[in-house]
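Asks: pasted the sequence and its predicted model underneath.
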Amino acid sequence: MLFTRLEFFGLLAFTLVFLYRVGSARLRKLYLLAASYYFYAFWDWRFLALLMASTLCDFGVGRALSRCDRSRVRRAWLTLSLVANLGILGFYKYFDFFVVELSRLTGGWDPGSHLLGLVLPIGISFYTFQTLSYTIDVYRGRLQPTSSFTDFALYVAFFPQLVAGPIVRARELLPQLAENRHPSRDRLFAGAQTFVFGFFKKVFIADRVAVFVDGVFADAGAFDAVTTWLAVLAYAVQIYCDFSGYSDMAIGTARMLGYDFAENFRHPYLARSLSEFWRRWHISLSTWLRDYLYLPLGGSRGGRLFTFRNLGITMVLGGLWHGAALHFMAWGVWHGVALAVERAVAPRLLGGASMSRRIPPRLISVASWGVTTLVVVVGWVFFRATDFPAAGRLLSAMVGHSGGGLRWIHPFAAAALLMVAMWHLWWAMGPERWRPPLAQNWATALWLCFLVGLCFAYPPRDPNPFLYFQF
Amino acid sequence: MRLFRDLLNLASAAAVAGMLLWVFGAEFANSVAPYPFDETIGRHLPAPGSSLRFRTEGWATTHYAEHGLLAVDVEALASRPDTLPPPILVGVWGDSFVQGVHVDDGMKFSSQFRRLLGDDSEVALVAIGQPGWDVTDVVDLVDRYEALYDFEAQLLVLHDLFDFSPNEETFVTDPAFRFVSRERHPPAPRLRSRLAALRLDFVWVSWERLFLAHRNPVGGAPLRWRPGPVPSTAKTWPSWTQLEEVSPAAWDFALDRLVGSSQRRWTIVYIPRIPFFDGGRVQLEEPAVGIVRRFAEHCSARGVEFVDLSDRLKAFYLDRGRSAFGFDNGQVGRGHLNADGHRILAEALVEWSREQGFGVDD
C-alpha cells in the first residue's frame, strides 16, 4: 500500500480512531500488528509467509540466544539466522542476477532456462536488515531479547516503516513498544506536519521532476550536454525528494501513532565530504552498514590499505543491496573509491598548515562542497542508468559528445532544483529545528494546507511508485 | 474547547490556502471548459464562447465557438469581407492533434495556414477534433458537420495507424469488422460547468484526480480494499507485427466506411513521430515505414489521397535541431505537435491546397 493512496488514508484514519478509543494496550498492539499485515498483504498476501517466517526465525533465535552461554552454540544460532535471512534475500533478489552474470563470465551458455523470474517481495531488503540487526545485537549482548512475540512481530512488520524503511533498530523501537505508547494530540499534529512535508516532496516535486528525468534517461545520448546535466541534477533532486519524502511520511505516520523514529535524511546535499554525505543520506542504512559490516570487517583499525578494502567491500555490498545489477555495483565501487581517495588525499590537501594560511577556510569549504556534490551527482548516473551502455551515453553527453543534441530545459525541473538548493541553503543558515506545533501556529497550518492543496490541484501526470520500493 | 480551536484554526487556514490556490491557479492551472450536450452534433462539446487554458503540456489558451469548433476559425470566416467570394472550406478531422490545445489559437495549424495564404485566400480550414476521437467518431459525425458547413474536401489527420486497427471498443472484429458508435462522456459535465462558471478550476482538477474514475491522490489504480495481488489491467497497444497481421483487411473496412461517410473526397495526412528515439539514438525513419507505405497503397486504391509528413519532419529536425513534437514542460520529442509542428502541418496543407487547384494564388 502506498502512502499516497486513498486506501492508506482510510487505514490510517481507522487506526488512529482505534488507538484513541481502545484503552487496552494489548488490543492496541494486536490491532497494529493486524493492520501492518493488512498493509503488506495489500500488495500481495502470498508474501506474508516470508515476512512471518523471518519474524518467527529471528524471534526464536533471539530466545535461544538468551538461554545459551556457550559461544559455539550462540554462534551456530547466529549463523542460522544469517543463513535463513540472507538466504531468502539472496534467493529472491540475486539468484537470476548471479545466473546471468555467471553465464556471461563463463560464456557460451544460455541462462534463460535457468532463470526463475521471481518477483522481488516488496520491502524484503528492509525487513531482513531489521531482523538481522535484532539478532546480531542480541548475540553481541547489546540488546535484551524481547519475550513478547507480539512486540517482536510488530517491530518487524510495523507498517510505517515496513516496505521502504527507515531501517529501525530493535533497540529503538522495542522499548517504545514495551512502553505501551498512546497517541496524543501534540504527536498527532507534529506527525501530520512531518507527513505533509514528505507528501509534498514526493507528489509535488519528485513525481513532476520524474517526467523530465525519465525522458532524458530513457533516451540517453539524444540530448545535449546542458539538458543531460540538468537531468542528472534533477535526478539528484528526484531521488532525494522521493526517498526522504517517503521517510518523512513514515516518520510522521509513526509519530501520529505515538512512536518515534530517528531521522533518515539530514540535508545530504550540504555535505562537504563523502563521509559526511553518508552521515546525512539514508542514515539508517549507512549506520547499519557501518555497525554490522564495516566495523566487523575491521573498520579503520588496520592499515590504510586494510581500511580501503573495508570501505570498498562495504560500498559494493551497499550498492548491491539497492539492486541486483552491475550498475548498482558500479555505483558502490564509485563511492568506495571516492571515499578511499578522500581518506588518502583530503587530510594532506586540506589539513596542511601552509594550505590553510594561503586559502581562506570558507573557500576551502565551498570547494569541498563542490567536489563532494559533483562526485555524488556523477554517481547518480550509474545508479539511475538502466545499464552500462546507457550510463556511458549519459556521461558522454555530459562532456559534450552526444548523438542527438536536442535541448530541453524543463521549467519545473529547473525550479525544483532551485527550490531544493534554497531549502538546503536555508537549512544551512537557519535553525537546526523548525517544527512548530501545527495548531498553535496559524501560519504553519496555512502553509501546510497550501502544500496539500498544491499536491491535489496540480497532480503529476503520471504518478510513480516510490523509487526505493524496488530495492 | 481546545479541539474546537484547533479545528477552527485548520478550517480558516484551509480557506485562505484555497484562496491562494485560486489566485495561483488563474495563471498556472489548467482551466475547466464546460462540456454541455450539443443537440445538433449529438455529443458533449466545449461550450460556445468558453475557453480552455492548458498548462500541462505546452502553455496555451484555446477559445471555442459553437459545435466544439475553434473560435479562431469561425471568427476568420465571419470576418471575411463581403467583397470576397466565400472561401472553399476544408474540414480537418482528428483528435487532440487537430484540437491543438497545447498551442495558442494564433499558432494552431489552421491559423498558420491563413497567415501563409493571406486573409483573402480562397481556401479556409475548419479544425474539427476532440481528444480521443478516432476514425469511428469521424464516420459518425461527418454528415452532421456537413449539414452546417459546405465542405469542399475532407482531411483526416493521423499520427499513427492504430485508428485503423480494431480496438474491440469502437472498432470490433467479432463476428465481423464493425464500427460501434459511442460517445466518451466527459465526467460530471454539470459539476464541471458549475465550477467553470465560478472559475474554480483548481477544485475541478483536484476533484477529477481524487474521485472521478476512482482515482487516488496521485492518480493510479482504482480504489480497492481487498489484499493483492491485482492482475494488471494496463491497456497494451498492439505491436507493429500484430498490426501488420490484422491490418490489411481492417484498413480496407475502415477506409470504405470513411469514404462512404461523405460525398467529398478524403485525404489522410499522416504525421509520423520523427525524429524517433531508439535507446538514445535519433532515428529519422519510422520503424514501421513499410507498413505505412502499404497503408498508403490501400488508401490510394480507394481513392483516398495520402499525404506523408515524414520528409518535412526529417528536414525540420536536420535543419533546426529541434523536434516538432513535445514541449519543454511536457516531454520534448514526444506528445503533441508544438508550434513548429503546427507550422509544418500548415505548410504541408498549403502545398496540398495548391495541388488540389483550390484557387490558391502563387
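Replies: Thanks, I have it.
Asks: in which helix or strand would I find B:Tyr35?
Replies: Assigned by DSSP states H and E, B:Tyr35 belongs to no helix or strand.
Asks: tell me the contacts of it?
Replies: Residues in contact with B:Tyr35 (Cβ atoms under 8 Å, 6 or more residues apart in numbering or on different chains) are B:His44, B:Leu45, B:Pro46, B:Ala47, B:Pro186, B:Pro189, B:Arg192, B:Ser193. For the C-beta atoms, the positions are set from N, CA and C on the backbone; glycine is no exception.
Asks: can you list the low-confidence ranges for the stretch 101-250 of chain A?
Replies: The model of the stretch 101-250 of chain A has pLDDT under 70 over residues A:108.
Asks: again, only this time at 50
Replies: By pLDDT under 50, the stretch 101-250 of chain A has no low-scoring segment.
Asks: residue numbers of it in contact with chain B?
Replies: For the stretch 101-250 of chain A, the contact set with chain B under Cβ under 8 Å from any Cβ of the partner chain comprises A:Arg185, A:Phe189, A:Val203, A:Asp207, A:Val211, A:Phe212, A:Gly215, A:Ala218, A:Asp219, A:Ala220, A:Gly221, A:Ala222.
Asks: out of the residues you listed, which end up buried?
Replies: Burial by neighbour count, 16 or more other Cβ atoms under 10 Å in any protein chain shown: within those this picks out A:Phe189, A:Val203, A:Asp207, A:Val211, A:Phe212, A:Gly215, A:Asp219, A:Ala220, A:Gly221, A:Ala222.
Asks: got the phi/psi numbers for B:Thr83?
Replies: Note on B:Thr83: its backbone torsions stand at phi -70, psi -20 [degrees, to the nearest 10].
Asks: check it and give its pLDDT.
Replies: Listed pLDDT for B:Thr83 reads 83.
Asks: same deal with A:Cys449?
Replies: pLDDT, read off for A:Cys449, is 88.
Asks: my guess is it contacts B:Ala17, does it?
Replies: Yes: between A:Cys449 and B:Ala17 there is a contact at 3.6 Å, judged by Cβ atoms under 8 Å.
Asks: common neighbours of those two, please.
Replies: By Cβ under 8 Å, 6+ apart, no residue touches both A:Cys449 and B:Ala17.
Asks: ok, the residue in the stretch 151-300 of chain B that chain A sits nearest to - contacts?
Replies: Residue of the stretch 151-300 of chain B nearest chain A, by Cβ to the nearest Cβ: B:Gly280 (3.3 Å). Residues near B:Gly280 by Cβ under 8 Å, 6+ apart: A:Asp219, A:Ala220, A:Gly221, A:Ala222, A:Ala390, A:Arg393, A:Gly403, A:Gly404.
Asks: torsion angles phi and psi at the residue nearest the centre of chain A?
Replies: In chain A, the C-alpha nearest the mean C-alpha coordinate belongs to A:His282, at 4.7 Å (Cα atoms, centre = their mean). Backbone dihedrals for A:His282, given as degrees, to the nearest 10, come out at phi 40, psi 60.
Asks: that one touches A:Tyr240, doesn't it?
Replies: No: between A:His282 and A:Tyr240 there is no contact, the gap being 10.2 Å when judged by Cβ under 8 Å.
Asks: number of nearby residues for the spatially closest residue to B:Leu84 that is not a sequence neighbour?
Replies: Leaving aside its chain neighbours, B:Leu84 sits nearest to B:Asp120 (5.7 Å; criterion: Cβ to Cβ, 6 or more residues apart in numbering or on different chains). For B:Asp120, the count of nearby residues is 12 (other Cβ atoms under 10 Å in any protein chain shown).
Asks: same deal with A:Thr253?
Replies: By other Cβ under 10 Å, the residues close to A:Thr253 number 25.
Asks: grab the nearest non-local neighbour of it.
Replies: Nearest non-adjacent residue to A:Thr253 (Cβ to Cβ, 6+ apart): A:Pro160, at 4.1 Å.
Asks: which ones are touching the one you found?
Replies: A:Met249, A:Ala250, A:Ile251, A:Thr253, A:Ala254, A:Leu257, A:Tyr259, A:Phe261.
Asks: for chain B, see how far away it is.
Replies: 18 Å (Cβ to the nearest Cβ, to the nearest Å).
Asks: related to what we said a few turns ago, which ones among the residues of the stretch 101-250 of chain A next to chain B map onto strands?
Replies: Among these, none falls in strands (DSSP state E).
Asks: can you map out the strands along chain B?
Replies: Under DSSP E, chain B gives strands at B:37-38, B:43-44, B:51-54, B:60-63, B:88-94, B:123-129, B:151-158, B:171-172, B:178-179, B:265-270, B:276-278, B:281-283, B:305-308.
Asks: redo these as TSV? Include mean neighbour count, mean pLDDT and distance to A:Phe47.
Replies: What follows is those, written out as TSV (neighbours: other Cβ atoms under 10 Å in any protein chain shown; pLDDT from 0 to 100; distance: least, Cβ to Cβ, whole Å):
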stretch	mean neighbour count	mean pLDDT	distance to A:Phe47
strand B:37-38	15	91	49
strand B:43-44	20	90	45
strand B:51-54	19	91	43
strand B:60-63	19	95	47
strand B:88-94	23	94	47
strand B:123-129	24	93	47
strand B:151-158	22	94	45
strand B:171-172	18	86	39
strand B:178-179	16	88	44
strand B:265-270	21	95	48
strand B:276-278	17	83	36
strand B:281-283	16	83	39
strand B:305-308	18	95	51
